[in-house]
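Novice: Next come a sequence and a model predicted from it.
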Amino acid sequence: MNETDIARHDESFDDEDLVGYLDGELDAETAHRIEQRLAHDADCRARLRDLQASWDLLDDLPRSEVARSFAQSTVSMVAVRGADGDARRSGAFRRSAVCLLAAVGAAAAALGGYFTVDAVYSSGDRELIRDLPVIERMDMYQAADDTAFLRTLIGENLFQEESDDGP
């Protein structure tokens, strides 16, 4: 900040104090500080006179009547703004809930897909395990010319079932 900016900042600060002094809104210490400055600073006294003249001009303006519904409409606007804040907070909650539900749905879809693919591909393996005894003896079955010969051999109990009990 240069000196002009500092002076302007001090002037605006002083204007606030001077307006407060004119309104009688200052505490005793600040009012005393303003009176001390007015006693020694001609520019400050001139500024106070200008503000007082502006203040007096305000008294010449016509007074306007406020409608009875003014307070009600003002309170309604404040309530609407409060409801907007609540809506924003509930909107954030809704977005969080939607994201959470989307994540849970994606996880459920992934698990469902995994189990579906596993069931489809492992069903072929179950068939192979069920048919393993036939597959193991495929060379013998191919040596037979037709199935009638194999049925004759089965009927004569030439193929004995293997048991897990041992020999």
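Specialist: All right, it came through fine. Numbering: from 1, shown residues only.
Novice: so where's this protein uncertain?
Specialist: Across the chain, the ranges flagged by pLDDT under 70 are 1-13, 70-71, 79-80, 82-89, 158-167.
Novice: Go ahead and flag the most central residue of it.
Specialist: A92 (4.4 Å; C-alpha atoms, centre = their mean).
Novice: Quick one: classify that residue as helix, strand or coil.
Specialist: helix (DSSP: H, G, I helix; E, B strand; the rest coil).
Novice: quick one: it from D118, how far?
Specialist: Distance check for A92 against D118: by C-beta to C-beta, to the nearest Å, it reads 39 Å. Glycine gets a C-beta too; all of them are placed from N, C-alpha and C.
Novice: all strands in this structure, in order from the N-terminus.
Specialist: Assigned by DSSP state E, the strands in the chain number zero.
Novice: quick one: the helices in it?
Specialist: 3-23, 28-40, 42-60, 69-130, 132-136, 138-143, 147-155 (DSSP state H).
Novice: Can you name the residues in contact with the fifth one?
Specialist: Taking contacts as C-beta atoms under 8 Å, 6 or more residues apart in numbering, the residues outside helix 132-136 that touch it are L128, Y141.
Novice: And it, how far out from the chain middle?
Specialist: A distance of 60 Å separates the centroid of the chain from that of helix 132-136, by C-alpha atoms, centre = their mean, to the nearest Å.
Novice: Equivalent analysis for the last one, please.
Specialist: The offset between the C-alpha centroid of helix 147-155 and the centroid of the whole chain comes to 75 Å, using C-alpha atoms, centre = their mean.
Novice: Which neighbouring elements make contact with it?
Specialist: With contacts taken as 3 or more C-beta pairs under 8 Å, 6 or more residues apart in numbering; DSSP states H and E, helix 147-155 sits against no other helix or strand.
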